[in-house]
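>>> Quick one: sequence plus predicted model below, questions after.
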Amino acid sequence: MSELRRDIIDAAMKNFKEVGMNFTLDVIASDLHISKKTIYKVFENKEELLLSMLDEAYENIYLMKERILKSNLDLIDKIKQVMIALPDEYMVFDYRHIEQLKDQYPLVHKRMSEYLNSEWDPIVKLLEEGMKEKIIKKIDIPTFKQIFTSSIEGFLYSNFLYENKITYEEALGKLIDYLVDGIKG
């Protein structure tokens with residue numbers, strides 16, 4: 001990735017954190033002391049920038065999951081951490097603004113939904129291992145997945161986080177604790 005592309009994505013993440021979907025390419029250009037035309041040489045439009053931000057976030061999440069899976073954590077902690085993997089650099093991404101995506105940037109919304117429903121293989125393997133070792137109860141994995149995914153979508157696409165003055169990371173942590181503690185053997 002070019003340094004300019006990296007700088008634009010970082011500035012966009014910072015601005016997204018501050019003002020949500022109302023961030024502008026003008027502000028990013030000003031922050032980086034470049035012209036808006038320079039941004040358009042790297043990204044065709046704001047939606048393409050958002051897609052790149054999302055893709056990069058999920059690539060880093062995948063890498064973080066890989067590190068967790070290779071770690072010496074106990075099985076329950078691995079399950080919890082793999083399910084909520086979110087690298088520190090993406091804690092700045094205020095997920096309370098995500099509900100605006102559906103109408104304004106449908107391609108970004110669609111890709112986010114695809115990401116939420118993918119990457120379950122390592123979790124399924126951990127759950128199966130936990131059931132085999134009787135560390136967790138026998139559960140129906142598709143139902144568990146649906147409960148988790150629906151809860152995440154509820155956090156992201158409703159006013160729950162704003163109304164309860166809670167961050168996405170806090171809500172996700174509580175969800176994982178409730179779900180995984182509920183299936184312990």
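Structure received. Numbering: from 1, shown residues only.
>>> The host helix or strand of N60 packs against which elements?
Assigned by DSSP states H and E, N60 belongs to helix 46-70. In terms of contacts (3 or more CB pairs under 8 Å, 6 or more residues apart in numbering; DSSP states H and E), helix 46-70 is packed against helix 3-19, helix 75-83, helix 106-117, helix 121-132. C-betas here are computed from N, CA, C, even on glycine.
>>> want to throw these into CSV with distance to L69?
Listed next are these as CSV, based on distance: least, CB to CB, whole Å:
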stretch, distance to L69
helix 3-19, 26
helix 75-83, 7
helix 106-117, 18
helix 121-132, 6
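>>> Just name the most buried of these.
Mean neighbour count, computed with mean count of other CB atoms under 10 Å, is highest for helix 75-83 among these, reaching a mean of 19.
>>> what separates the helix or strand following that one from the chain centre, distance-wise?
Tracing the chain past helix 75-83, the next element assigned as helix or strand by DSSP H and E is helix 101-104. Centroid displacement of helix 101-104 relative to its chain, using CA atoms, centre = their mean, to the nearest Å, is 17 Å.
>>> Check stretch 49-67 too.
Relative to its chain's centre, stretch 49-67 lies at 8 Å (CA atoms, centre = their mean).
>>> Just the buried positions in it, please.
By neighbour count on 16 or more other CB atoms under 10 Å, the buried set for stretch 49-67 is 49-54, 56-58, 60-61, 64-65.
>>> Check what contacts the helix holding N60 and list those residues.
Here helix 46-70 makes contact (CB atoms under 8 Å, 6 or more residues apart in numbering) with 5, 8-9, 12-13, 16, 25, 39, 43, 78, 81-82, 85-87, 89-90, 93, 101, 105, 107-108, 111-112, 115, 119, 122, 126.
>>> So, low pLDDT: which residues of this structure?
Scanning the chain with the threshold set as pLDDT under 70 gives 86-100.
>>> Domain-wise, how is it divided?
When the chain is parsed with automatic domain parsing, its domains come out as 1-43, 57-183.
>>> about what we covered before: G173: which of the helices and strands packed on helix 46-70 is closest?
The closest approach between G173 and any of the helices and strands packed on helix 46-70, judged by CB to CB, belongs to helix 75-83 at 8.6 Å.
>>> In CSV, could you pull the C-alpha coordinates for that closest one?
Extracted in CSV, the C-alpha atoms of helix 75-83 (Å, rounded to 0.1, in the frame of the first residue of the first chain):
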residue,chain,number,x,y,z
LEU,A,75,-10.0,-22.6,24.9
ILE,A,76,-12.7,-20.4,26.4
ASP,A,77,-10.5,-17.3,26.2
LYS,A,78,-9.6,-18.2,22.6
ILE,A,79,-13.3,-18.5,21.7
LYS,A,80,-14.0,-15.1,23.4
GLN,A,81,-11.0,-13.3,21.9
VAL,A,82,-11.5,-14.7,18.4
MET,A,83,-15.1,-13.7,18.3
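>>> Right, I'll call it a day here.
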